[in-house]
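J.: Pasting the sequence and the predicted coordinates here, then a few questions.
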Amino acid sequence: MSEKKTIELHVGGMSCVMCSRTVENALLKVDGVSGVSVNHSTGIASVSTADAAHLNLMEAAIRDAGYEYLGTDSEEDRQRGEEWRERDLSAKRVRFIIGLVSGFILMGMMYAPGLHALPLSWIMLIVATPLFVYVSAPIFSAAAHALRNRNLTMDVMYSMGIGAAYGASLLGTFGVLPHDFMFYETALMLAGFLMLGRYLEGRARGRTSDTIKKLMALNPDTAILVRDGRETEVPLDSVVPDDILLVRPGERVPVDGEVLSGESSVDESMLTGESIPVFRKQGDPVTGGTLNLNSVLRLKAMRTGSATIVAGIIRLVKEAQGSHPPVQRIADAVVGWFIPAILAISVLSFAGWYFIAGESLLFAFTTLVSILVIACPCALGLATPTAVTVGIGRGAELGILIRDGEALETSARVNSILLDKTGTITRGRPAVTDLVPLKTDRTELLEILSGVEKDSLHPLAAAIIAEARRRGTVAREVSSFDTHAGRGVSGHLDGATVLAGSVDFLMEKGLPIGDEARAAIEKLEEAGRTVVACALDGNVIGIAGISDSPREDAAAAVEELGRMGIQVTMITGDNRRTAEAVAREVGIFDVISGVLPERKAEEVRRLQKDGLTVAFAGDGINDAPALAAADIGIAVGGGTDIAVESGRIVLMKEQLLDVPAALQLSRAVMTRIRQNIFWAFAYNMLLVPVAAGLLHPLFGIAFKPELAGLAMAASSVTVVSFSLLLKRFTPGAYRPGKNS
């Protein structure tokens, strides 16, 4: 059986949520396609298929449905898609200008003195017909395709409205209807307003994916390959892992790699949002897309192509922008019955005014056309995806990666957060501050400690190894190394058992803690040190005190979370005295200490049982169970070491203020979505009755179809424009002294 995979197809010409459903239905009919998700806001169809060879069939299905197939994600297809979008916008611009200008001219002819002696209706027919056909052709074409595929889209409604206006004018010209039925200028202006709305909407939508374009632009087209002592410029896609590359000052790093030689400052702001350049030297990692500033770097390629950090970010942002938060179900449910309801309302309005209220045929017909044109589910369909697309893109610019729309919605409801201590509240770079020998000297204590810890990946072990290197201490050879998650490590030294870890770990192993050792431990813990006790052959021989200072912005982040009304709790495997010392320093009053990694998830579930929406912020490695159990897992990255798979929100920078910033961004996006949905509902609920003649009994006036066209165009543009305001959103966490 072929393995299923997801491919992204770019589709042009979609204008509403019904268009996306039409494309979905068309693609689902293709053999081998098992699932389709179409985002009409971004123009991307995500297709699950077992065979990429069906691409030609998918292309044909999209074209048969009446939309433009713009290819996949290849560079050539992206360029072709951009060119098509430019041509499409240009054509819409020409059409709306012709439609509006000619419509106003025809309107002027109707009121110009001296022209009434001429056969004005015939002149207007001759002038308007070719212009009307040109301006409205895309609308009628899209409607025909929709009907052929048995779908009701907005193009069907619009074509009925403007077609009725033009058709009535023809009948009036030939004397079938009264001469008052002259709507040539109305038909042209309606088509012009429709094109104006789609032109403005298309321009605005193009800006929603600016973040993706910026990220794609980070990678250079070529790289300088060093082979056999010669430097050769090669296409970027020909670079493979282990290639040696040269990056000159002012050039972008082409791939993820490791510096072999050279020292330079590297600007990573385009990826992390951190404005201060970082210093890179031999052995340091560098990320593709970052900018080398002041010296030549020679590096070894580690990850290339789709495996790079930038490619992963682009992939994550695209998937997130194409996702749907649960709140969108409201709009989707309404859109499903919206068009049939509007068609029914327009017919009932016409019949009610003409047959029951006894109004003129002209008035009843005007209400029918106005209703068909003014009704707009497009605003409802655009309310959520445009805000999600812009909001997630803005997050990526700030170094905050949000995995999907559901994560956005859940994050906005968070009212409790658990912050892991090591690597989240603290810097994650602990250092040995105290060595307390009990039954040996400092040198031997460090030799034994570094020997048993040298194969451990725990940050505390790294601190001990670093201290041994700093002092020039040679680690003892320890055999039978074993780890005891969250508690300590063990091994054998010259036939004797050696243990290193927390005091509780040693007590679990049955080792007595003498008064001298206990006094030293209490003194270190009260000073906020993490204690690693070392025992050899059943006796505690010494203690190491390790300190991991809080991040500079930790206190500010905790204060900001409190200002947002979020309950903040620190959780750690450390003992209570050490944990409370760190918590006091950053302003946290609720501490859960002595918790092993597997029990952190239980603490998350305990808070959830109290009815809280819980976020967990950790490093994404040891904290994976808790990140998965939380309503929102926030994986705190470390520069380029992004735990992308661990959390539903991934922070790329080493700053804790990004935690409240991510939650503030989510709240801002959800607020914008609710405002958009409210506006879309309010627009239709207020103006459809007005178009149906609600004001006629009070003021004796009818709603002009031209105004209906203008209002319809404005509604979608307004929703998209509201969403685009998120591009300028700055979280309160980044604005000291301002409330969130």
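T.: Good, I have the coordinates. Numbers count the residues shown, from 1 in each chain.
J.: for residue 709, what are its contacts?
T.: 189, 190, 192, 193, 194, 373, 374 (C-beta atoms under 8 Å, 6 or more residues apart in numbering). Where you see a C-beta, it was placed from the backbone N, CA and C, and this is true even at glycine.
J.: correction: residue 626
T.: For residue 626, the contacting residues are 418, 420, 571, 597, 600, 601, 603, 604, 616, 618, 633, by C-beta under 8 Å, 6+ apart.
J.: Which residue, other than its chain neighbours, is closest to it?
T.: Sequence neighbours aside, residue 600 is the residue nearest to residue 626 in space, at 3.8 Å (criterion: C-beta to C-beta, 6 or more residues apart in numbering).
J.: before we move on, the earlier item: just the closest of the contacts of residue 709 to residue 139, please.
T.: Using C-beta to C-beta, residue 194 comes nearest to residue 139 of the contacts of residue 709, at 6.2 Å.
J.: What is the subsequent helix or strand relative to the helix or strand of the chain with the lowest mean pLDDT?
T.: Ranking every helix and strand in the chain by mean pLDDT, DSSP states H and E puts helix 269-272 at the bottom, with a mean of 69. Next along the chain after helix 269-272, taking DSSP states H and E as the criterion, comes strand 278-280.
J.: pLDDT on that following strand, on average?
T.: For strand 278-280, mean pLDDT rounds to 88.
J.: Can you spell out which helices and strands pack onto the following helix or strand past it?
T.: Per DSSP H and E, the first helix or strand lying C-terminal to strand 278-280 is strand 285-286. If contacts are counted by 3 or more C-beta pairs under 8 Å, 6 or more residues apart in numbering; DSSP states H and E, strand 285-286 sits against strand 256-261, strand 297-303.
J.: Strands of the stretch 601-740 of the chain, residue ranges please.
T.: Applying DSSP state E, counting those that start in this stretch to the stretch 601-740 of the chain gives strands spanning 614-618, 632-636, 649-651.
J.: Redo those strands as JSON lines? Include distance to residue 713.
T.: Below are the strands of the stretch 601-740 of the chain laid out as JSON lines (distance: least, C-beta to C-beta, whole Å):
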{"stretch": "strand 614-618", "distance to residue 713": "41"}
{"stretch": "strand 632-636", "distance to residue 713": "38"}
{"stretch": "strand 649-651", "distance to residue 713": "37"}
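J.: Residue 215: which of these is closest?
T.: Of these, nearest to residue 215 by C-beta to C-beta is strand 649-651, at 14.5 Å.
J.: Other residues contacting that closest one?
T.: By C-beta under 8 Å, 6+ apart, strand 649-651 touches 316, 399-403, 407, 411, 620, 632-637, 642-644, 658-659, 662.
J.: Narrow these to those in helices?
T.: 316, 407, 411, 658, 659, 662 (DSSP state H).
J.: Once you drop chain neighbours, what's closest to the third one?
T.: Think residue 411. residue 666 is the one closest to residue 411 (C-beta to C-beta, 6+ apart), at 3.5 Å.
J.: got the contact list for the nearest residue to residue 493 once chain neighbours are set aside?
T.: Once flanking residues are discounted, residue 493 sits nearest to residue 478: 5.3 Å by C-beta to C-beta, 6+ apart. Going by C-beta under 8 Å, 6+ apart, residue 478 touches 451, 452, 454, 491, 492, 493, 498.
J.: can you check residue 134 too?
T.: 95, 98.
J.: Next up, phi/psi of it, please.
T.: Main-chain torsions, residue 134, degrees, to the nearest 10: phi -70, psi -50.
J.: could the helices and strands packed on strand 285-286 be laid out in TSV, adding distance to residue 354, mean neighbour count and mean pLDDT?
T.: Listed next are the helices and strands packed on strand 285-286 as TSV, based on distance: least, C-beta to C-beta, whole Å; neighbours: other C-beta atoms under 10 Å; pLDDT from 0 to 100:
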stretch	distance to residue 354	mean neighbour count	mean pLDDT
strand 256-261	71	19	94
strand 297-303	70	20	94
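J.: Can you lay out the ones you listed as a markdown table showing distance to residue 726?
T.: Shown next, in a markdown table, are the helices and strands packed on strand 285-286 (distance: least, C-beta to C-beta, whole Å):
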| stretch | distance to residue 726 |
| --- | --- |
| strand 256-261 | 30 |
| strand 297-303 | 31 |
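J.: so which of those strands gets nearest residue 287?
T.: That would be strand 256-261 among the helices and strands packed on strand 285-286, by C-beta to C-beta, at 5.5 Å.
J.: Contacts for the closest one next, please.
T.: 244-245, 280-288, 297-304, 307-309, 640.
J.: next one: that strand to chain centre, how far?
T.: Centroid displacement of strand 256-261 relative to its chain, using C-alpha atoms, centre = their mean, to the nearest Å, is 30 Å.
J.: Partner strands of it, with direction?
T.: Strand pairing for strand 256-261, determined by DSSP bridges: strand 285-286 (antiparallel), strand 297-303 (antiparallel).
J.: nearest to residue 442, of these?
T.: Residue 442 sits nearest to strand 285-286 of all the strands paired with strand 256-261, at 33.9 Å, using C-beta to C-beta.
J.: Quick check: which helices or strands does whatever helix or strand comes next after that closest one pack against?
T.: As assigned by DSSP H and E, the chain's next helix or strand after strand 285-286 is strand 291-292. Secondary-structure packing of strand 291-292 (3+ C-beta pairs under 8 Å, 6+ apart): strand 264-267.
J.: Report the separation between residue 296 and residue 196.
T.: Distance, residue 296 to residue 196, using C-beta to C-beta, to the nearest Å: 53 Å.
J.: Just want to know which of these two has more residues nearby.
T.: Each of residue 296 and residue 196 has its neighbours counted (other C-beta atoms under 10 Å); residue 196 has more, 23 against 14.
J.: hang on, the earlier thing: top of the contacts of residue 478 by neighbour count?
T.: Among the contacts of residue 478, residue 452 has the most neighbours (other C-beta under 10 Å), with 27 neighbours.
J.: for the helix or strand containing that one, packing partners?
T.: Element membership of residue 452 [criterion: DSSP H and E] is helix 442-453. Helix 442-453 sits against strand 431-437, helix 459-471, strand 488-493, strand 496-501, strand 530-536, strand 539-547, with contacts defined as 3+ C-beta pairs under 8 Å, 6+ apart.
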